[in-house]
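Trainee: Below are the sequence and a predicted model for it; my questions follow.
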Amino acid sequence: MGLGSWHPAVVTQEASGRPPSITDYPVHTRDKIRYGDTDRQGHVNNAIFASFLETGRVEVLLRPESPMTDDGCAFVIARLSLDFKAELKWPGEVIIGTRVARIGRSSIGLEQSIFQDEVWAASAETVIVQVEGESGRSSALSQATILRLKALLGPGDGA
């Protein structure tokens, strides 16, 4: 299935009918809420949610000791869909849960949720495409990358 034919719906709750919890995600990443992340209303600004999601994606895709990109390639975001569920407050930290929802020829669908004190604050779905560095054209994921991504598939998801 090509990138253009896949349009994920934002996760609003798990298939079980309950809101997600951090245990529904194989990768957990922590990030600190900084005072500068807040707005005049005293809660975390909506744009910061995307930064927290990036922290979770980097943990999965770009670890320096084992990046998932193939040689000469990079990942670019083709789509980000974000659904806000609750406010985040300073001081504190968030936990970002990340899982693979879909593996395509050159693209990856990720599902993520942000939690603060076990409260579900946001969910997102991201489509990420591997591109060849010089041409900027999509580049097929290697079998080694696909195998590593399959280990992070959420329940009921697949390639």
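Mentor: Noted; the coordinates are in hand. These figures come from a predicted structure and were not determined experimentally.
Trainee: show me where the protein has helices.
Mentor: Along the chain, counting by DSSP state H, helices occupy 46-61, 143-150.
Trainee: what is the rounded mean pLDDT of the shortest one?
Mentor: Per-residue pLDDT values over helix 143-150 give a mean of 94.
Trainee: looking at the helices of the chain, which is buried most?
Mentor: helix 46-61 (a mean of 18; mean count of other CB atoms under 10 Å). In this view, the C-beta of every residue, glycine as well, is placed from N, C-alpha and C.
Trainee: Now do that helix: which elements does it pack against?
Mentor: Packing contacts for helix 46-61, counted by 3 or more CB pairs under 8 Å, 6 or more residues apart in numbering; DSSP states H and E, involve strand 27-33, strand 73-84, strand 92-103, strand 107-116, strand 119-132.
Trainee: Quickly compare those and say which is most buried.
Mentor: strand 107-116 (a mean of 24).
Trainee: Rounded mean pLDDT for that one, please.
Mentor: 98.
Trainee: That one: how far from the chain's middle?
Mentor: Centre-to-centre, strand 107-116 and its host chain are 3 Å apart (CA atoms, centre = their mean, to the nearest Å).
Trainee: Report the contact partners of residue 86.
Mentor: 116, 119-122 (CB atoms under 8 Å, 6 or more residues apart in numbering).
Trainee: Format those as CSV; extra columns: distance to residue 22.
Mentor: Below are those laid out as CSV (distance: CB to CB, whole Å):
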residue, distance to residue 22
116, 11
119, 11
120, 9
121, 11
122, 13
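Trainee: Looking at these, spot the one nearest residue 50.
Mentor: residue 122 (9.6 Å; CB to CB).
Trainee: Right, I'll call it a day here.
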